[in-house]
Structures are given as C-alpha cells and as structure tokens.
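>>> Sequence isn't available, so here's the structure alone:
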C-alpha cells in the first residue's frame, strides 16, 4: 500500500487529527492498539528473509571480510609453522585378506548335500566353535582372532567371503584360509555326525524288524505243528507280513545310507586369501566392529566382501589439509563463517529502524518517503541535493514526500478539516542528528518548485542550523531571502532567541505562524527533537500535520515509538514517517534517464538564487511584530 492510500485511510477514519479535540478518542485507541501489539507491531522485525539477509550483509560486510582475511592469514601462518615442524611419523601399514567360498548348486543333482543357509553359516564363523578351533590351529588368542574376522554374504551369486585383518600379510592370509577351512571342516563334521546317527538309526530299525519277523514265523510254525489248520494262523501271517515290510524298508535304508555316504558340503573355494594393505584407521575400525559383534555383512554387488573395504574409523576431529593454499582457503572459509555468525548476531541485537517494513511494523505509521543515504561528501556539508541535483533519486524521494503532504491537504479540504491559509507542517524527530533539518531544507526546495510560496521557520532556537542550508541573509525578526527560489526563512523570532526564555520564543513562533498563514502557501517548522525538549509539543496547536523523521542508521525503535506516542498524547499523531538513509530505494535516475541526458549535467542544475535578487519584504514587520 503506497503512502497516499495510507494517508487516505488514516484521515478518512479520523485517525490523523488536524489539531481538533474531536479526534482525541481515535488517537488514544491507536495508542492502546500499539501497546497491545508490542514494540514490533505484532511480528518479529528481524525475520531473516533472503532480501533482508542480503541487505544486512551489504551493510555489515566489513567485519565479515575482516574475519575472512584474518582466517586466511592464520591458515597461511599455520602452513608455514607446519612446514618447520618435525616430519609426520610414517603411518603403520596393516593387511586384509579374504577367502571366498562359492555354493556349488550342481552338486545337489548328484549327491545329497548339506543345506547351505549362508546367513546362519556366517554367524557360525564369527562366534562359537569355529573361531575357537581356528585360534587353536593358528596358535593365537581366540578373543583377539574373533575381533579380526568379518564375513560377507553375497546373495546374488550365493557366495560367502571370510576376511581377516592382521599386522602382517602372512597372518591375514593364514587367518582367512584357516577360517574358511575350519568352516568347511565344521560342516563336514556335522554331516558325518548326522550320517552316523542315521546309519545307527537304520540298523536299530533293521534289528527290530528282523526280530519281529523271526518271532512271528516261529509262532506260525508252532501253531501248525500243534495240529492247527491254515486258517487258524491268519492273524499271525498278517503280523509276519507287516514285520517283513519293516524289515525290507530298514534294509533298503541302511543299504542306501551306506552306499551314499555322508552328505556333501556344497562349498568350494573360489579364491584363497591374498593380503592387501589397509590403513591403521581401517584396521582399528574392524577391531571395533568385531568386538561389537557387527562383523557380518550381507548384500549384493562386487563391493561386498572385497579386501580392503573395511570402513574407516572416525578420527574424532577435523582433518586439516597440508600446504599453504589449502590452509589459507580453509582459514578464509572458517573466518567468513565466524564473520557471518557475527553479522547475524549483531543484526538480531540491532534495534534501529532500518527499513520501511521495520518502521511500519513498529510505529503503525505509513512511510511517506524513503530518502536514500547521502553521498559521503554530502554528509557533513549543507548542500541541498534537491536543488543542485533536481533529478537525482534523493530529489525524487522528497517529491514523494511532497505528494503525500499535498494528498493529505486535499483530503483535509474534502472533509472540511483544513484551516484557512497556508498548510503548516511540523518536522521533528526523536533525537538529534537524525536528518530533520536536511529534510526541511530539501522539502522546502521541492515544495517551491510549483511556484508555491514557502516559509521555513527555524524553531530549534537552541541549535539553529537551517540557515546554513538555505543560505541568504539571517537577520532576526525578519523574513530572510534564501538561495532557494520561492523559499523564505525566519531564523529568529526575537532579537536574540538564545537570551529569551523558551516560553517567550515558542509564543512568538506560534504568533508568527498564525500571521504568516495568509501570506504563504506552505509553512515548514524545523523544531527541536521531540524527546529532548518540549518546544515541538508547544507548537502542535498551530500545526496541521506532523512529519516524523526516522534515520535508518541512527533512530532506535524504542525512541521512535516514544516520540510517536508523545505526539499522539498531545493530540496530533504524525501523518507519517520520512525514512532517511533508506538503502533499498530504487534508483530513479538510472531508470528514467540515460547517461547522456543534459538535464543531469552539472551545467543544467538549478542555480541558487542570489541574496541580491528582488524580494518583496514590505510585510516583514507586520508578520513578525510581537
């Protein structure tokens, strides 16, 4: 929403008073609303949005660059120190060897085989009887050997790889081969044990069936010998037949088991152990994994079970690169990171009103104009940029302020709230050195561009500076001719404002304003800061509108809020804010005018009017008489 719409909304709602008591209720309603919202207008002014972050870095780039340079210097210095230090110790080399066993699926078509459950088999390699038997065969400690082994199962090709790490290549190879041999031997022993058990079981069944057949046959023979007929032995003959079937089955099983022999182990060696070098960190990592029981790996792909693929150990710190260039770069990055954190930290602590959004969120007032920062050469000078560079972006910003004041005056007339004669604008700020006098001088210049009669009154009699900007004469109790066409100046309303009492000076200023309304179109009052003296508050009764000047580099949120609150309590809320030193203002001259525009040449700038130019001063004594 632009400034004009803000003004229209506020004045139409009666929230911007014109010196009348009828608006007091709406003023204190706004004041209560601001207190309920808090000093930041109900939202965090320092939300780090990308645009805000970029502006913050542009404004505070110096510490960031400084810390980056310091970091780079320290990095380069550390490289030089490292070169002079004792050489690094030679790293210790360790070894890793892997023995790969492959499941022979074709063996099951010819022989009985042991079920190759690779997942269970892998667990058997790392714990239980196999590590103990392998340690005994190698003559090493079983617990130590158990931490050095790892097993990888590749499900895609049905392979099992046993790997061991060791300080020596021979030890690594011997360990891997011994574990593989121990695994096969363990499975073969199990198969032989199972075979012996089933042979014994089949023999027992054969003996039982044979005894059954023999006893049944004997009973049949005895019955027949005793004179019994054939039919009387029917049940005995059925029992004999059952015993005979059991006897034949047991004989067949026993013959089959003896002929087949023990089940075969379907594992064949695809590759024996071959040691490869690994680092100390990889060796230590394997020992930790083995001690934790996390030394079984399953998956697919060539990386599973490859020698030298032991995960590296965490070093517990940051590895610092060698060489001056890498260390300088790392130092610069580290310093820049610290600088970035410092910039963000200081920005969070910064309570200054830096942008339009900060002002509107904190004060609940519209920003009537965003005045860009002055050039370095203009900050200590009294040059009026709007006069000497009329198409600069600074001049255009003050014209935006003029438009807002004209719009407010038109709304006042439409609603019957405007007084007779000149529009009286009081310009004040929360504290000193915030750009108030500079704003009055430039505003007077752009107001006089339309042939309007402008009177600038220096109401800051304690620190008068307005005459230094406008130039011309500075006689007390006179309408002084200035160097700005169309602008006249009153520097002192008494013979010597410095010797008079503040009440006498303010009273004379009020009478001056009342009498000058009929002669001028606009009257600008350059007052003292509202929080330092009571002078500005005493002039509110003869003022139509108040413009509060906020400096983006100086004004703090608390001070500006107190100033706005004080003006509201005195019955005349600010019409809006002139934000001085705003850095995100579009460059109007770059957009509208080309580099070769003759209007932008120094020779085409407006000239200051000489103090000898003709000016009608016939009514001076009448306007300034006490």
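Good, I have the coordinates. Predicted, not measured: the structure shown is a model, and the values here were computed from it.

>>> which residue sits closest to residue 514, ignoring its sequence neighbours?
Distances taken as Cβ to Cβ, 6 or more residues apart in numbering place residue 542 nearest to residue 514, at 6.1 Å, with adjacent residues excluded. Where you see a C-beta, it was placed from the backbone N, CA and C, and this is true even at glycine.

>>> what about that neighbour, distance to residue 572?
Distance of residue 542 to residue 572, computed by Cβ to Cβ, to the nearest Å: 10 Å.

>>> Repeat that for residue 293.
Relative to residue 572, residue 293 is positioned 81 Å away (Cβ to Cβ).

>>> hmm, back to that, give the contact list for the residue nearest to residue 514.
19, 424, 510, 513-514 (Cβ atoms under 8 Å, 6 or more residues apart in numbering).

>>> can you pick the most crowded of those residues?
Neighbour tally across those (other Cβ atoms under 10 Å): the maximum, 26 neighbours, falls on residue 513.

>>> Pull up the per-residue confidence for it.
Residue 513 is assigned 92 on the pLDDT scale.

>>> For the host helix or strand of it, name the packing helices and strands.
Element membership for residue 513, per DSSP states H and E: helix 502-516. Counting contacts by 3 or more Cβ pairs under 8 Å, 6 or more residues apart in numbering; DSSP states H and E, helix 502-516 packs against strand 454-458, strand 522-526, helix 535-538, helix 620-624.

>>> buried ones in that helix?
505-513, 516 (16 or more other Cβ atoms under 10 Å).

>>> Other residues contacting it?
The contact list for helix 502-516 (Cβ under 8 Å, 6+ apart) reads 422, 424, 455, 457, 459, 461, 490, 493-494, 497, 500, 523, 525, 533-535, 538-539, 541-543, 622-624, 626.

>>> Narrow these to just the buried residues.
422, 424, 455, 457, 459, 461, 490, 493-494, 497, 500, 523, 525, 533, 535, 538-539, 542-543, 623-624.

>>> show me the contacts for residue 213.
Counted by Cβ under 8 Å, 6+ apart, residue 213 has contacts 240, 243-244, 247.

>>> In space, what's closest to it - neighbours in sequence excluded?
Closest to residue 213 by Cβ to Cβ, 6+ apart is residue 243, at 4.1 Å.

>>> where in the stretch 501-626 of the chain is pLDDT low?
Within the stretch 501-626 of the chain, the segments meeting pLDDT under 70 span 584-626.

>>> Distance-wise, check the residue nearest to residue 514 relative to residue 548.
18 Å.

>>> ok so, going back, closest to residue 566 among the contacts of residue 542?
For the contacts of residue 542, the closest approach to residue 566 (Cβ to Cβ) belongs to residue 19, at 15.9 Å.

>>> Let me see the contact set for residue 430.
Contacts for residue 430 (Cβ under 8 Å, 6+ apart) come out as 529-531, 548, 550, 555-556, 559-560, 562-563.

>>> What residues of stretch 519-538 count as buried?
Judged by neighbour count (16+ other Cβ under 10 Å), stretch 519-538 contains these buried residues: 519-531, 533, 535-538.

>>> circling back: could I get the contacts of residue 542 in JSON lines, plus columns for distance to residue 212?
Shown next, in JSON lines, are the contacts of residue 542 (distance: Cβ to Cβ, whole Å):
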{"residue": "19", "distance to residue 212": "130"}
{"residue": "424", "distance to residue 212": "133"}
{"residue": "510", "distance to residue 212": "138"}
{"residue": "513", "distance to residue 212": "138"}
{"residue": "514", "distance to residue 212": "141"}
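
>>> So between residue 293 and residue 572, which is more surrounded?
The neighbour comparison of residue 293 against residue 572 (other Cβ under 10 Å) goes to residue 572, with 25 against 12.

>>> Who are the contact partners of the nearest residue to that one once chain neighbours are set aside?
With sequence-adjacent residues excluded and distances taken as Cβ to Cβ, 6+ apart, residue 572 is closest to residue 540, at 4.5 Å. If you count contacts by Cβ under 8 Å, 6+ apart, residue 540 has them with 19, 426, 546, 567, 570-572.

>>> Tell me the one among those nearest to residue 345.
Of all the contacts of residue 540, residue 345 sits closest to residue 567, with 33.8 Å by Cβ to Cβ.

>>> Assign that closest one to helix, strand or coil.
Secondary structure assignment for residue 567 (DSSP: H, G, I helix; E, B strand; the rest coil): helix.

>>> what's the spacing between it and residue 502?
Counting by Cβ to Cβ, the gap from residue 567 to residue 502 is 19 Å.
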